[in-house]
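Engineer: Quick one, structure for this:
(one chain, ligands or ions: 1)
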Amino acid sequence: MTAHLTETTADRSAVDDPVFEIADASVTYGSFVALRNVSFDIPRNRVTALIGPSGCGKSTLLRCLNRMNDLIPGTTVGGTINFNGENMYDDDIDAAEVRRRIGMVFQRPNPFQMSIYDNVAFGPRLNGYKGNMDDLVERSLQRAGLWDEVYKKLKDSGTAISGGQQQRLCIARAIAVEPEVLLMDEPCSALDPIATLKIEDLIRELAGTLTIVIVTHNMQQAGRVSDKTAFFSVEDGDADRRPGELVEFADTEYIFTKTTNKRTEDYISGRFG
Ligand SMILES: Nc1ncnc2c1ncn2[C@@H]1O[C@H](COP(=O)(O)OP(=O)(O)OP(=O)(O)O)[C@@H](O)[C@H]1O
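Structural biologist: Numbers count the residues shown, from 1 in each chain. Model prediction:
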């Protein structure tokens with residue numbers, strides 16, 4: 001029997017070297033179940049895209065991965081989320097330390113009201129970095145593809161550059177503390193197409209040394225940048241208080257060109273969402 005005939009959904013979603021193992025994760029905000037029974041693994045040093053219609057819980061899941069939901073009162077996270085094989089919600093895990101190892105970049109660029117240099121040096125200083133700060137700032141800006149554009153004005157404000165540059169500065173700030181994972185919540189939604197392509201190139205360059213999980217509404221973007229894709233939707237039911245669920249997780253190429261799941265197909269082809 002040939003391999004493709006024996007292939008199962010489990011094979012397609014298998015991940016060799018997971019950095020996160022998500023098992024039966026559910027999230028409630030007060031009494032509202034936002035996400036129910038989500039299980040899949042996120043591969044190390046690859047790009048994983050979270051896609052799906054508005055309100056299906058993509059950002060909610062992303063915030064579970066660095067325990068940001070802890071900061072939202074009334075939020076409960078159930079199930080298990082292992083980070084490097086350890087349950088990151090265990091009592092003895094320090095959430096602040098988790099957030100240091102797992103950086104985040106938001107929808108709107110949010111540089112601090114300080115110089116470009118200080119934006120990048122901020123995290124390392126906070127962590128008591130003992131190495132050469134100038135080198136670290138330069139290296140981080142180089143990795144974020146911004147050095148050539150800002151090296152002559154490192155003392156200028158981080159808010160006095162274009163939106164796309166600000167977003168790359170936020171990426172430089174996030175990677176300056178050498179996180180293992182970078183979570184990105186629609187990082188290009190406030191940017192023009194050229195700035196968007198620069199961030200996409202950067203995502204591809206960073207993958208390989210960093211695990212990236214990106215929430216995006218842009219199907220082409222998910223197709224261009226990610227290795228794996230998780231498609232979420234809302235369960236059938238009444239109105240808009242329905243729990244989000246994982247519909248399918250597989251290689252991005254499979255999701256976009258070969259899926260036989262009708263819900264995934266309808267969403268990808270624009271028939272829904
Ligand atoms: N802090 C909160 N308190 C209460 N409900 C929330 C909170 N954050 C999100 N929700 C609800 O949880 C559900 C999932 O929201 P979430 O933002 O995770 O979805 P999403 O798929 O990222 O949506 P979008 O694509 O529009 O950003 C939605 O119904 C939303 O209204």
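
Engineer: Need the pLDDT of R241.
Structural biologist: pLDDT, R241: 73.

Engineer: need the contact list for it.
Structural biologist: F32 (Cβ atoms under 8 Å, 6 or more residues apart in numbering). (Each C-beta comes from the backbone N, C-alpha and C, glycine too.)

Engineer: and it, that's in a strand?
Structural biologist: No. R241 is assigned coil when assessed by DSSP: H, G, I helix; E, B strand; the rest coil, not a strand.

Engineer: how close does it get to S59?
Structural biologist: Using Cβ to Cβ, to the nearest Å, we find R241 at a distance of 17 Å from S59.

Engineer: who in the stretch 1-150 of the chain is up against the ligand?
Structural biologist: 29, 32, 34, 52, 54-60, 72 (Cβ under 6 Å from any ligand atom).

Engineer: In helices, which of those residues appear?
Structural biologist: Within those, residues falling in helices by DSSP state H are 58-60.

Engineer: how many other residues sit next to the closest residue in space to E265 that isn't next to it in sequence?
Structural biologist: Sequence neighbours aside, T259 is the residue nearest to E265 in space, at 5.8 Å (criterion: Cβ to Cβ, 6 or more residues apart in numbering). For T259, the count of nearby residues is 19 (other Cβ atoms under 10 Å).

Engineer: can you pull the contacts of T259?
Structural biologist: Taking Cβ under 8 Å, 6+ apart as the test, what T259 contacts is 248, 250, 265, 268.

Engineer: any weak-confidence spans in this structure?
Structural biologist: Scanning the chain for pLDDT under 70 picks out 1-11, 236-240, 271-273.

Engineer: quick one: the strands in the stretch 1-150 of the chain?
Structural biologist: Secondary structure of the stretch 1-150 of the chain, counting by DSSP state E, counting those that start in this stretch: strands at 18-29, 32-43, 47-51, 75-83, 86-87, 102-105.

Engineer: Tell me which residues touch D24, please.
Structural biologist: Neighbours of D24 in contact, by Cβ under 8 Å, 6+ apart: 37-39, 78-80.

Engineer: And for A49?
Structural biologist: A49 sits next to 214-216, 221-222, 225-226, 228-230, 252 when contact means Cβ under 8 Å, 6+ apart.

Engineer: Would you tell me which one of those comes nearest to the ligand?
Structural biologist: Closest to the ligand out of the contacts of A49 is V215 (6.1 Å), distances taken as Cβ to the nearest ligand atom.

Engineer: wouldn't the closest one be in contact with G52 here?
Structural biologist: No. With contact defined as Cβ atoms under 8 Å, V215 does not reach G52; the gap is 9.1 Å.

Engineer: Which neighbours do the two have in common?
Structural biologist: Between them, V215 and G52 share these contacting residues under Cβ under 8 Å, 6+ apart: K58.

Engineer: in stretch 119-132, what's buried?
Structural biologist: The neighbour-count check on stretch 119-132 (16 or more other Cβ atoms under 10 Å) flags 119-124 as buried.

Engineer: Much appreciated, bye for now.
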